[in-house]
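> here is my input, please return the structure:
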Amino acid sequence: MDRMDVEELLTQHAVDGARLDPAPPETGDRLTDDPQVRARYRADAWRPCCVWGTDYRTSRVIDFPGCGPCWVDLCRDHSLAVRKPALPAMPATVEGSFADIREVAAKFGLTMRPVSHEEWLEMGRAARHRRDR
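Predicted structure coming up:
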């Protein structure tokens, strides 16, 4: 699943803000004293993902035009799709990560190739054999 903004995800899947639970204005502070907000963030009750209807993993507040702040509950896949990278320059996909690794390897004159599980185990055995001589 490609990385996108929450708003893009909701638009792409035609999620109707009017069908979502109303929420308090987002303060960004999950340590609030409001027991309902704390319960929602802690996932005290099961709710479906607002996109697929499967178990949700995260809750957030999104301000829908015409609806005001609403709770957006997302499953694991959708939560990861809208999660921002930890660093601004960090690749957003596995392919992007491999492209970055290949670029660095090329700078050092190295090449990358796939290694099977069996080959990985054999490399470990050979390294231990060299070490134990």
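> what ranges does the chain have for its helices?
Secondary structure of the chain (DSSP state H): helices at 6-12, 35-42, 76-82, 94-107, 117-132.
> what's the nearest residue to Asp55 if we skip its chain neighbours?
Excluding the flanking residues, the one nearest Asp55 by Cβ to Cβ, 6 or more residues apart in numbering is Cys75, at 6.2 Å. For every residue, glycine as well, the C-beta is placed using N, CA and C.
> show me what the helix or strand of the chain with the lowest mean pLDDT packs onto, helices and strands only.
Across the helices and strands of the chain, mean confidence by mean pLDDT, DSSP states H and E is lowest for helix 35-42: a mean of 70. Here helix 35-42 touches no other helix or strand, going by 3 or more Cβ pairs under 8 Å, 6 or more residues apart in numbering; DSSP states H and E.
> what residues sit buried inside that helix?
Within helix 35-42, the residues that qualify as buried by neighbour count (16 or more other Cβ atoms under 10 Å) are Val37, Arg40.
> swap in stretch 69-89?
Result for stretch 69-89 [16+ other Cβ under 10 Å]: buried residues Pro69, Cys70, Trp71, Val72, Asp73, Leu74, Cys75, His78, Ser79, Ala81, Val82.
> out of the residues you listed, which one sits closest to Arg102?
Checking the buried residues of stretch 69-89 against Arg102 with Cβ to Cβ, the nearest one is Ala81 at 24.3 Å.
> can you list the domains in the protein?
Domain ranges of the chain: 6-82, 94-132, per automatic domain parsing.
> tell me which of those sits most buried.
Comparing the domains of the chain by mean neighbour count (mean count of other Cβ atoms under 10 Å), domain 6-82 comes out on top with a mean of 15.
> which residue is nearest the centroid of the chain?
Note on the chain: the residue nearest the mean C-alpha position is Leu80, at 1.7 Å, using Cα atoms, centre = their mean.
> just the pLDDT for that residue.
The predicted structure scores Leu80 at 80 on the pLDDT scale.
> still on that earlier bit, distance from the chain centre to the least confident helix or strand of the chain, please.
In terms of Cα atoms, centre = their mean, to the nearest Å, the centre of helix 35-42 is set 21 Å apart from its chain centre.
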